[in-house]
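S.K.: sequence and predicted structure are below.
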Amino acid sequence: MSEPWLSGPIDGVDPLIAPLLYSFEQTRAELSSHLAGLTAEQIWSKPHGLTSVGFHVRHIGGAVDRLSTYLRGEQLSPEQLARLKSESEPGADAPALLAELHADLARCEAYARGIDPASLRDVRGVGRKMLPTTVHGLIVHIAEHTQRHLGQAITTAKLLR
């Protein structure tokens, strides 16, 4: 399978927004493959002191949810802050983790597909301090942050095998 970014333009999606959707497509495919056959115990183990695969999967979804909130120009809810604190709590198996992740990615994708390319330079604030970025800056960061944790999850999953 070739990587999603090599599949050509996405109909109706601006080329400056498309990399986010490619990142999510790759994340779904690779995590589904690399988590296949792992037990919940393996998913939450920390080989060689590394962060667990389960944390990375939860963190990808949670970070996408939180960063999407800033992308929409909103602030985090108490529920989102509570979710952040629970990302490393063990227990969920691969199907449950992937279902939650897929839902988070789908919500962000739906919003991203509707972003007006003319708004890419619009200013957005991140966090309580309202650190400055732009709509495009958030799109780029969501994509690269997702890929960073995808790579860490894959590496840890390979060690577990």
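M.R.: Cool, the structure landed.
S.K.: use CA for all of it now, contacts and neighbours both
M.R.: OK.
S.K.: measure residue 157 to residue 64 for me?
M.R.: 21 Å (C-alpha to C-alpha, to the nearest Å).
S.K.: looking at those two, which is more packed in?
M.R.: Shown here are residue 157 and residue 64; by other C-alpha atoms under 10 Å, residue 64 has more neighbours (26 against 22).
S.K.: check what pLDDT that one gets.
M.R.: Listed pLDDT for residue 64 reads 98.
S.K.: check residue 161 too.
M.R.: For residue 161, the pLDDT comes out at 88.
S.K.: residues contacting it?
M.R.: Under the criterion of C-alpha atoms under 8 Å, 6 or more residues apart in numbering, residue 161 has no neighbours.
S.K.: distance check, it against residue 34.
M.R.: For residue 161, the distance to residue 34 - C-alpha to C-alpha - is 10 Å.
S.K.: cool, and residue 80?
M.R.: 27 Å.
S.K.: with residue 84 instead?
M.R.: Taking C-alpha to C-alpha, one finds residue 84 at 24 Å from residue 34.
S.K.: give me the more crowded residue out of the two.
M.R.: Using other C-alpha under 10 Å, the more surrounded residue of residue 84 and residue 34 is residue 34, with 18 against 15.
S.K.: helix or strand for the residue sitting nearest the centre point of the chain, which one?
M.R.: Nearest to the mean C-alpha position of the chain, by C-alpha atoms, centre = their mean, lies residue 60 at 3.6 Å. According to DSSP states H and E, residue 60 maps onto helix 53-71.
S.K.: residues of the longest helix seen in the chain that come out buried?
M.R.: The residue-count maximum for a helix in the chain (DSSP state H) belongs to helix 135-160. Across helix 135-160, burial judged by 16 or more other C-alpha atoms under 10 Å covers 135-140, 142-143, 146-147, 149-150, 152-154, 156-157.
S.K.: likewise for stretch 85-95?
M.R.: For stretch 85-95, by 16+ other C-alpha under 10 Å, it's 87-88, 92-94.
S.K.: pretty sure residue 150 contacts residue 58?
M.R.: No: in this structure residue 150 lies outside contact range of residue 58 using C-alpha atoms under 8 Å: 10.8 Å.
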